[in-house]
Structure formats: structure tokens, C-alpha cells
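Novice: the following block contains a protein sequence and its predicted model.
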Amino acid sequence: MSRSVWKGPFVDSYVLKKAEKSRESGRNEVIKIWSRRSTILPQFVGLTFGVYNGQKHITVAVSEDMIGQKFGEYAPTRTYYGHAADKKAKRK
Amino acid sequence: MSPTRVCVGAISGAFGVRGEVRLKSFCATPEDIAAYGPLFSEDGTASYTVKLTAQVKNGFAAEIEGITSKEAADALRGLRLYADRDRMPALSDDEYYHADLIGIEVRDTGGTLLGHVKAVQDYGAGDMLEVTPAAGGATILLPFTHEAVPTVDIGAGRIVADPPEGLFG
């Protein structure tokens, strides 16, 4: 069953405070968070979070199309190193 | 600075009794492995012309020129196949092969060595460079964006990074 709309999206309060503080300072910094369960809100777009995966903080640069997802979705807890072969990376 | 040969697949054993092999492809589009031929062994002493004949579980069935018996095909089990880097198509601006990025050094805007690229990861938030810090310790994920990585010079084997504060300690 999905979450009731009247409750609004869930976000740990410390994440909101840290994001607001970072935005006010205007500095380009990694906001370290442990809350994988928090929802990504529109006011987080443009900020860079370090989301804990149980071992280290995974850098997540929040963009518009991530709104509504949870932070944990972008910080997998298991790592797989495949072969590079002809795989490509695009600089955004 | 980019590698001259890139591992694109491996032979996992014989397929059938007529000298075909079971081939694992590591390419982004698995069928492309045949287009990069001829393929080479790791030391480059032997070359193989590969023709895909069928898709099978976990790979392809393939014919290799000069291999006509099951015994000869079995002898190739475990062989890693390498393709010439030059055979891969040229990419558009701001697109890079993982193979070119892995191993190159990462320096900050002041020229200080930050580390070397260990891998390129994409966890859904865009490509990220996994950097082994020069000072040691756990790897660091650097977003592969124009803001964080303003310069990529594959020829010189160097990336200039402007990482967010706190990322490299």
C-alpha cells in the first residue's frame, strides 16, 4: 500500500536542515547523510549529497528527474566491477 | 595514453562437437564482439577471427577460424579475447570509453595529484569516476560532470577535477 498523500513525502528532519544550511552558505560541498529512506525533494536539486551505503558515502548530485525517489536508490550497497570493454561514459 | 588493446570477451568452453566455442561477450552490445575482430590473446601472440553462429545461454556459440574439433575448442577454455582499441568507433564530444578513463591520473585545479581512476560507475545518478586516492584509503566517487571534471585529456593521461568541498578530505 502506498503512503497517504495527506502526510506528504517523508524526509528526515536533519536532512532538510543540512540541505538548507548548505544552500544558504552557497558553497559547493558534499552533504553527508545516513538517511537512505528520505525522499528527494525539489529544493534538493543542484545539491550534492554523500549517501551512506553501509561502508562509505556515495556521491549523489541531485537532478530534477530524481525528485520523488529515495536517496538510497542511488547508493547501492553492493558493488560489481565488470569489464570496461567498449562501455561508454558521458560527461554531463 | 589509452590502452592499445581492450578485453572484450572470453571463451568459456566448447559448444557441440564440431569445434564451435561458447563465447562470453563483455561489450555494451554483446553482438559487437564479432565486429571488433580479429581478436587477440592477452599477450598478443595469437589472433582469432570469430563468427557468431547462435545465441546461447550466457553468451554466444561461435566459430573460430582454424578450430575444427571439440578438443581444440576445449583447449581454448578460459582464454580472454582482446580487441584493438583502434577498431572501436570514434565517439562524440564528452563521450569517453571506460577503457580510456581507467588508470589515468586525477589532478586538482592546482595540479596536485588526487589519485587515479579505478573504475567508472553508474548507480542511476549519472556516471561517476571511482578514484583511488593518492593518499590511500577508501575509493572516492567523483561525479563525471562539467562542474566536477572541467578537463579530460586522454592523450596526456590526465583529468583535472574541481571536486565539491569535503570529497577528498
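Specialist: Arrived safely, thanks for sending.
Novice: pull the contacting residues for the residue nearest the centre of chain A.
Specialist: A centroid search over chain A (CA atoms, centre = their mean) returns residue A:71, at 3.9 Å, as the residue closest to the centre. By CB atoms under 8 Å, 6 or more residues apart in numbering or on different chains, residue A:71 lies in contact with A:15, A:33, A:35, A:36, A:37, A:38, A:40, A:49, A:51, A:60. Every C-beta, even on glycine, is put in place using the N, C-alpha and C of the backbone.
Novice: from those, keep the buried residues only.
Specialist: A:15, A:33, A:35, A:36, A:38, A:40, A:49, A:51, A:60 (16 or more other CB atoms under 10 Å in any protein chain shown).
Novice: what's the spacing between the last one and residue B:137?
Specialist: The reference is to residue A:60. According to CB to CB, to the nearest Å, residue A:60 stands 20 Å off from residue B:137.
Novice: re earlier: and the buried ones among the contacts of residue A:71, which of them are in strands?
Specialist: Counting by DSSP state E, these place A:33, A:49, A:51, A:60 in strands.
Novice: closest to chain B among those?
Specialist: Nearest to chain B among those: residue A:60, at 4.8 Å, using CB to the nearest CB.
Novice: residues contacting the closest one?
Specialist: Counting by CB under 8 Å, 6+ apart, residue A:60 has contacts A:48, A:49, A:50, A:51, A:66, A:71, A:74, A:75, B:123, B:125.
Novice: which one's the longest helix in chain B?
Specialist: For chain B, the helix with the greatest residue count under DSSP state H is helix B:70-75.
Novice: mind telling me what element the residue nearest the centre of chain B is part of?
Specialist: Closest to where the C-alpha atoms of chain B average out (CA atoms, centre = their mean) is residue B:99, at 4.4 Å. Per DSSP states H and E, residue B:99 falls inside helix B:98-101.
Novice: elements contacting the very next helix or strand once past that helix?
Specialist: Sequence-wise, the next helix or strand downstream of helix B:98-101 (DSSP H and E) is strand B:105-108. Counting contacts by 3 or more CB pairs under 8 Å, 6 or more residues apart in numbering or on different chains; DSSP states H and E, strand B:105-108 packs against strand B:113-122, strand B:158-161.
Novice: who does strand B:105-108 pair up with?
Specialist: As defined by DSSP bridges, the strand partners of strand B:105-108 come to strand B:113-122 (antiparallel), strand B:158-161 (parallel).
Novice: angle of the very next helix or strand once past the longest one against strand B:113-122?
Specialist: Under the assignment DSSP H and E, the closest C-terminal helix or strand after strand B:113-122 is strand B:127-133. Taking axes from the mean of the first three to the mean of the last three CA atoms, to 10 degrees, strand B:127-133 and strand B:113-122 form an angle of 140 degrees between their directions.
Novice: and the very next helix or strand once past strand B:127-133, average pLDDT?
Specialist: Using DSSP H and E, the next helix or strand after strand B:127-133 towards the C-terminus is strand B:140-143. Here strand B:140-143 scores 90 as its mean pLDDT.
Novice: the next helix or strand after strand B:140-143 near chain A anywhere?
Specialist: Sequence-wise, the next helix or strand downstream of strand B:140-143 (DSSP H and E) is strand B:151-153. Yes. If you take CB under 8 Å from any CB of the partner chain as the test, strand B:151-153 does meet chain A, through residue B:152.
Novice: contacts for strand B:151-153, please.
Specialist: For strand B:151-153, the surrounding residues in contact (CB under 8 Å, 6+ apart) are A:91, B:96, B:101, B:158, B:159, B:160.
Novice: what pLDDT does residue B:92 get?
Specialist: Reported pLDDT for residue B:92: 83.
Novice: what of residue B:158?
Specialist: The per-residue pLDDT reported for residue B:158 equals 90.
Novice: that one contacts residue B:103, doesn't it?
Specialist: No. Look at residue B:158 against residue B:103 with CB atoms under 8 Å: they stay out of range, at 11.2 Å.
Novice: lovely, talk soon.
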